[in-house]
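> here is a sequence with its predicted model. Questions after.
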Amino acid sequence: MSTSAWVAMGKVADPLTGEAKKDLDGARYTIDLLVMLREKTRGNLNDEEQKFLNAVIGELQANYAETVFAEKQEKEAQGKTEKQEKQEEKRAEERDAGPGQGAQQQED
């Protein structure tokens with residue numbers, strides 16, 4: 001199950017396709033299933049099994065949070081870049097039009 005979460009986070013290539021794709025909803029679902037499994041098996045696992053399950057869940061949760069944060073930063077950076085490009089295009093259009101452009105068009 002943990003491998004499914006790693007694949008869904010895009011951290012590991014899908015063994016069937018060889019491609020790394022992100023499905024953060026799928027990753028969150030898988031992590032939640034592991035947390036539920038931990039709750040349902042409480043008291044029925046030996047110490048070693050419990051420690052292993054806790055470590056797997058902790059590592060997945062930390063990587064999930066890191067992946068979500070990085071994706072959010074990428075989207076914000078792309079949004080700023082697109083906004084900057086639009087501002088530069090607008091400035092270029094204003095510069096190309098020049099200050100006397102409007103008066104010349106009226107005279108023609």
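That came through fine.
> what lies in contact with stretch 24-44?
Stretch 24-44 has contacts (Cβ atoms under 8 Å, 6 or more residues apart in numbering) with 1-2, 4-5, 8-9, 50, 53-54, 56-57, 60-61, 64, 67-68, 71. Quick note: C-beta positions are derived from backbone N, CA and C, even for glycine.
> mind running it again at 7 Å?
Contacts with stretch 24-44, where a contact means Cβ atoms under 7 Å, 6 or more residues apart in numbering, come from 1-2, 4-5, 8-9, 53, 56-57, 60-61, 64, 67-68.
> among those residues, which ones are buried?
Among the contacts of stretch 24-44, those classed as buried by 16 or more other Cβ atoms under 10 Å are 4-5, 8-9, 53, 56-57, 60, 64, 67.
> in TSV, list these along with distance to residue 34 and pLDDT.
Formatted as TSV, the buried ones among the contacts of stretch 24-44 follow (distance: Cβ to Cβ, whole Å; pLDDT from 0 to 100):
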residue	distance to residue 34	pLDDT
4	10	92
5	8	93
8	12	93
9	13	93
53	7	96
56	7	97
57	5	97
60	7	97
64	11	96
67	16	94
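> about what we covered before: out of the contacts of stretch 24-44, name the ones that lie in strands.
Nothing among the contacts of stretch 24-44 maps onto strands, per DSSP state E.
> hmm, back to that, and the two most separated of the buried ones among the contacts of stretch 24-44?
53 and 67 (21.0 Å; Cβ to Cβ).
> from the contacts of stretch 24-44, which land in helices?
Members of the contacts of stretch 24-44 lying in helices (criterion: DSSP state H): 2, 4-5, 8, 53, 56-57, 60-61, 64, 67-68.
> reformat these as CSV; add distance to residue 37.
Formatted as CSV, the ones in helices among the contacts of stretch 24-44 follow (distance: Cβ to Cβ, whole Å):
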residue, distance to residue 37
2, 11
4, 13
5, 12
8, 17
53, 7
56, 10
57, 9
60, 12
61, 14
64, 16
67, 22
68, 22
